[in-house]
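Participant: model the structure of this input:
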Amino acid sequence: MFLSNSHTDFGRPLLPEDAGMLSLGAAESVERHFSRRPDHRPTPLHALPALAGELGIAGLFVKDEGHRLGLGSFKALGGSYAVIRLVLEEAEGRLGRSLDTDDLSRPEVRAIAEGMTFGCATDGNHGRSVAMGARLVGARSVIFVHSGVSEKRIEAIASYGAEIVRVAGTYDDSVHEAARVCEANGWTVVSDTSWPGYEYIPGLVMQGYTAILSEALRQMAEPPTHVFVQAGVGGIAAATAGHLALRFASARPRFVVVDPARAACLYESAKAGHPVKVAHGEPTIMAMLECYEPSLVAWRILSRAADVFMTVDEEEAVSIMNRLARPTGDDPAIVAGESGGVGLAGLVVVARDPALREALGLNAQSRVFVINTEGATDPERYAALVGLAPEAIAGKSNEKV
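Facilitator: Here you go, the predicted structure:
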C-alpha cells in the first residue's frame, strides 16, 4: 500500500519545540556527547552499486546501525542518551552548577544517579539502550517486556543489570504498564513513544538519533534525493524526516515512511489525517516495529515532513534480509535483522512499480539513503530466516557470507 501525504499539515514548518529538538545545533550537541564516550565509533555507510543498478537508480547508501555501541541497533543512541541527559539535569538542579558528560564520574554526581531508577517498555532494543545508560551512570533500570519479546532479547537486556518485568499482551500494553508502575514508584519513564503530557523525554530519545544523520551526511559525497525509513511508533522516521527538513529546507529529499502491513499505525494515521490506534491482529515478523499506536510527537513531525506513507508485507521483509546477506557484484554483505532492512524493502517495492516510481520521482539520477536499524539482535532467529548457521553470521556485516 502506498499513500501520498495529503494531510493538511504537510509542508508546514515544524512546531518550534520540534524544530528545537531536531535542530542542527541540537545535533551538534549530541555528537559532542557521544564523542566523549570511549565506546563510541561512527557506524559505516555502505554503498550498494550492484543493487542500485538492479533498481534503476544512481546510488544506494545504507547506514549500518548493526555496529552501534555494541548493542547492534540504532536504539543505542536514544535511550542511553536520554538517561545520561536526565541524570545530568537532575544533578545540575541539586548541585546548582552546569555539568557535562565528563562529570558523570564525579562522586557527587554518581551518588545522585545511584538514587534514580529508570523504567521503560521495549520490544528489545530500546530496553537494552536504557539499561546500558543506567549501568553507565550507576542508576537502576526496570524494563517491561511483553509476551512477544524473545528470550534472547530479554537475556541481552538483563545482561546490563536490568530488572525484568513481564507483561501479558502487546508492546502497547507494556507501555501502559510501565507508565503506571513507574508513576506509582516515583521512577522516571524513558519511553521512545509519547502521549499527552509526556513529550520531553521521548524528544530526548529522538534527539539522540540525529547522530546517525550527522555521520551519514559527512560520509556521502552528495546528499540523497530520496530517503526510506521504517517505523514502529515513528521515532527514528520522525527524527530523520524532521532533521533533514530543517537542514535542507525546500531542497530536502523526498521522504517515505515504511510500516509493516500488520502493524501500520502511521500509515493508517496518514489515511485518517490524525493519530490512529490500529487493532492488534496476527503478529508481524518485523518484531521491533510491531506497534499499534503512533508516538504523538513522531506523528506531529511526520504529518509535516513525510511525503509518502507505505507498507510492506512479511515476505518482502524476509526477502531483503536474504538479499543483503547474499549480495551480488561488489556490494558488501550486511546483517539486517527482521526490522533492519524494512526501509530498503519499501524502496524495492517502489522501484519495481513504474507508477510508484513516477509518483515519487524515482529515476536513474536518484540517490537513495536507507538505515539498517538493527543487526542480528536475535542471532538464532536471524539465522533461521536467512538459512545460515548462527556461527556463520558473527562478524560478517561487512563481508560476503
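
Participant: residue 51: what secondary structure?
Facilitator: Secondary structure, DSSP: H, G, I helix; E, B strand; the rest coil: residue 51 is helix.

Participant: ok, which stretches of the stretch 51-200 of the chain are helices?
Facilitator: Along the stretch 51-200 of the chain, counting by DSSP state H, counting those that start in this stretch, helices occupy 79-95, 107-114, 125-137, 151-158, 171-185, 200-219.

Participant: can I get those helices in a markdown table including distance to residue 15 and mean neighbour count?
Facilitator: No exception for glycine: its C-beta is placed from N, CA and C like everyone else's. Converted to a markdown table, these look like this (distance: least, CB to CB, whole Å; neighbours: other CB atoms under 10 Å):
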| stretch | distance to residue 15 | mean neighbour count |
| --- | --- | --- |
| helix 79-95 | 20 | 21 |
| helix 107-114 | 32 | 15 |
| helix 125-137 | 24 | 27 |
| helix 151-158 | 33 | 17 |
| helix 171-185 | 23 | 18 |
| helix 200-219 | 11 | 22 |
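
Participant: of all these, which one comes closest to residue 62?
Facilitator: helix 200-219 (9.7 Å; CB to CB).

Participant: CA atoms of that closest one as CSV?
Facilitator: C-alpha atoms of helix 200-219 as CSV (Å, rounded to 0.1, in the frame of the first residue of the first chain):
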residue,chain,number,x,y,z
TYR,A,200,10.1,15.9,26.7
ILE,A,201,11.8,12.5,27.3
PRO,A,202,10.7,10.9,24.0
GLY,A,203,12.1,14.1,22.4
LEU,A,204,15.5,13.4,24.0
VAL,A,205,15.4,9.9,22.7
MET,A,206,14.7,11.1,19.2
GLN,A,207,17.4,13.8,19.6
GLY,A,208,19.9,11.1,20.2
TYR,A,209,19.1,9.5,16.8
THR,A,210,20.3,12.6,15.0
ALA,A,211,23.9,11.3,15.4
ILE,A,212,23.0,8.9,12.5
LEU,A,213,22.3,11.7,10.1
SER,A,214,25.3,13.9,11.1
GLU,A,215,27.5,10.9,10.4
ALA,A,216,25.8,9.8,7.2
LEU,A,217,25.8,13.2,5.6
ARG,A,218,29.5,13.6,6.1
GLN,A,219,30.0,10.1,4.7
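
Participant: so what does it touch, helix or strand wise?
Facilitator: Applying 3 or more CB pairs under 8 Å, 6 or more residues apart in numbering; DSSP states H and E, we find helix 200-219 packed against helix 16-21, helix 24-35, strand 45-47, strand 59-64, helix 79-95, helix 235-248, helix 296-305.

Participant: rewinding a little: export the helices of the stretch 51-200 of the chain to TSV and tack on mean pLDDT?
Facilitator: Formatted as TSV, those follow (pLDDT from 0 to 100):
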stretch	mean pLDDT
helix 79-95	97
helix 107-114	97
helix 125-137	95
helix 151-158	93
helix 171-185	94
helix 200-219	97
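
Participant: where does pLDDT dip in the chain?
Facilitator: 389-401 (pLDDT under 70).

Participant: please redo it, this time with the cut-off set to 80
Facilitator: Flagging of the chain using pLDDT under 80 yields the residue ranges 1, 6-8, 388-401.

Participant: what residue lies at the spatial centre of it?
Facilitator: residue 236 (3.9 Å; CA atoms, centre = their mean).

Participant: nearest spatial neighbour of that one, skipping sequence neighbours?
Facilitator: residue 209 (5.5 Å; CB to CB, 6 or more residues apart in numbering).

Participant: list the contacts of that neighbour.
Facilitator: 74, 77, 78, 235, 236, 239, 240 (CB atoms under 8 Å, 6 or more residues apart in numbering).

Participant: who wins for most neighbours among those residues?
Facilitator: Using other CB atoms under 10 Å as the neighbour criterion, residue 240 leads these with 32 neighbours.

Participant: ok, that residue - contacts?
Facilitator: Taking CB under 8 Å, 6+ apart as the test, what residue 240 contacts is 209, 212, 213, 227, 229, 255, 371.

Participant: which one of those is nearest to residue 107?
Facilitator: Taking CB to CB as the measure, residue 107 lies nearest residue 209 of the contacts of residue 240, at 31.8 Å.

Participant: what is the neighbour count of residue 282?
Facilitator: Neighbours of residue 282 (other CB under 10 Å): 7.

Participant: before we move on, what SS does it have?
Facilitator: coil.

Participant: excluding chain neighbours, what is closest to it?
Facilitator: residue 262 (5.9 Å).

Participant: show me what contacts the one you found?
Facilitator: 281, 282, 283, 284, 286, 290, 314.

Participant: out of these, which is most surrounded?
Facilitator: residue 286 leads these on contacts (other CB under 10 Å) with 29 neighbours.

Participant: next up, phi/psi of that one, please.
Facilitator: phi -80, psi 70 (degrees, to the nearest 10).

Participant: the one 5 residues further on too?
Facilitator: Summarising the backbone geometry of residue 291 under the convention degrees, to the nearest 10, its torsions are phi -130, psi 140.

Participant: gap between residue 265 and residue 299?
Facilitator: 9 Å (CB to CB, to the nearest Å).

Participant: now do residue 42
Facilitator: Look at residue 42 and residue 299: by CB to CB, they are 30 Å apart.

Participant: same check on residue 329?
Facilitator: Taken as CB to CB, the span from residue 329 to residue 299 is 39 Å.

Participant: more neighbours: which of these two?
Facilitator: residue 299 (25 against 11).

Participant: the more buried one reaches residue 266, doesn't it?
Facilitator: Yes. Applying CB atoms under 8 Å, one finds residue 299 in contact with residue 266, separated by 7.0 Å.

Participant: quick check: neighbours shared by those two?
Facilitator: With CB under 8 Å, 6+ apart as the test, residue 299 and residue 266 both reach residue 234.

Participant: kindly reformat the helices of the stretch 51-200 of the chain as JSON lines containing distance to residue 35.
Facilitator: JSON lines is the format used below for the helices of the stretch 51-200 of the chain (distance: least, CB to CB, whole Å):
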{"stretch": "helix 79-95", "distance to residue 35": "13"}
{"stretch": "helix 107-114", "distance to residue 35": "19"}
{"stretch": "helix 125-137", "distance to residue 35": "15"}
{"stretch": "helix 151-158", "distance to residue 35": "26"}
{"stretch": "helix 171-185", "distance to residue 35": "31"}
{"stretch": "helix 200-219", "distance to residue 35": "10"}
